[in-house]
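**Student:** Next one to model:
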Amino acid sequence: MADPNSRHPRNAAGPWFVDTRCVSCDTCTDISPEVFGRAADRKAFVQDYRASEAAMFRAALESCPVEAVGDEDDLASLVTRG
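**Tutor:** Numbers count the residues shown, from 1 in each chain. All right, here's what the predicted structure looks like:
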């Protein structure tokens, strides 16, 4: 599970984020280049939070091999339920 306390500093404002465990595999940027960008350190970050891209964001989140892609709304629902 992605850690919101370890967000990449270039993430756009909003609940979606990539944490610093990103291994620069290109999975998220290949799946949703509208949402994800690449920083100078080659790590991914959320460059644009658009609700219209939610399905593609979700596909990237589920495909991340190191679980570096996260959604704060998902984390909040876990806390609420737990």
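**Student:** Check which residues of whatever helix or strand residue 59 lives in are buried.
**Tutor:** Assigned by DSSP states H and E, residue 59 belongs to helix 54-63. Buried residues in helix 54-63, counted by 16 or more other C-beta atoms under 10 Å: 56, 57, 58, 60, 61. Where you see a C-beta, it was placed from the backbone N, CA and C, and this is true even at glycine.
**Student:** again with stretch 23-35
**Tutor:** So stretch 23-35, judged by 16+ other C-beta under 10 Å, has buried residues 27, 28, 29, 31, 32, 35.
**Student:** How many residues are close by the closest residue to the third one other than its chain neighbours?
**Tutor:** The spatial neighbour of residue 29 that comes closest, neighbours along the chain excluded (C-beta to C-beta, 6 or more residues apart in numbering), is residue 36 at 4.6 Å. Neighbourhood size, residue 36 [other C-beta atoms under 10 Å]: 26.
**Student:** For residue 36, give the beta-bridge partners.
**Tutor:** residue 46 (DSSP bridges).
**Student:** average model confidence for stretch 51-64?
**Tutor:** Mean pLDDT, stretch 51-64: 95.
**Student:** Out of the buried residues of stretch 23-35, which comes closest to residue 68?
**Tutor:** Minimum distance to residue 68 across the buried residues of stretch 23-35 is 8.4 Å, recorded for residue 28 (C-beta to C-beta).
**Student:** which non-adjacent residue is nearest that closest one?
**Tutor:** residue 60 (3.9 Å).
**Student:** mind listing what the one you found touches?
**Tutor:** 27, 28, 31, 32, 35, 36, 69 (C-beta atoms under 8 Å, 6 or more residues apart in numbering).
**Student:** Roughly how far does it sit from residue 47?
**Tutor:** 12 Å (C-beta to C-beta, to the nearest Å).
**Student:** same deal with residue 65?
**Tutor:** From residue 65 to residue 47 the distance is 20 Å (C-beta to C-beta).
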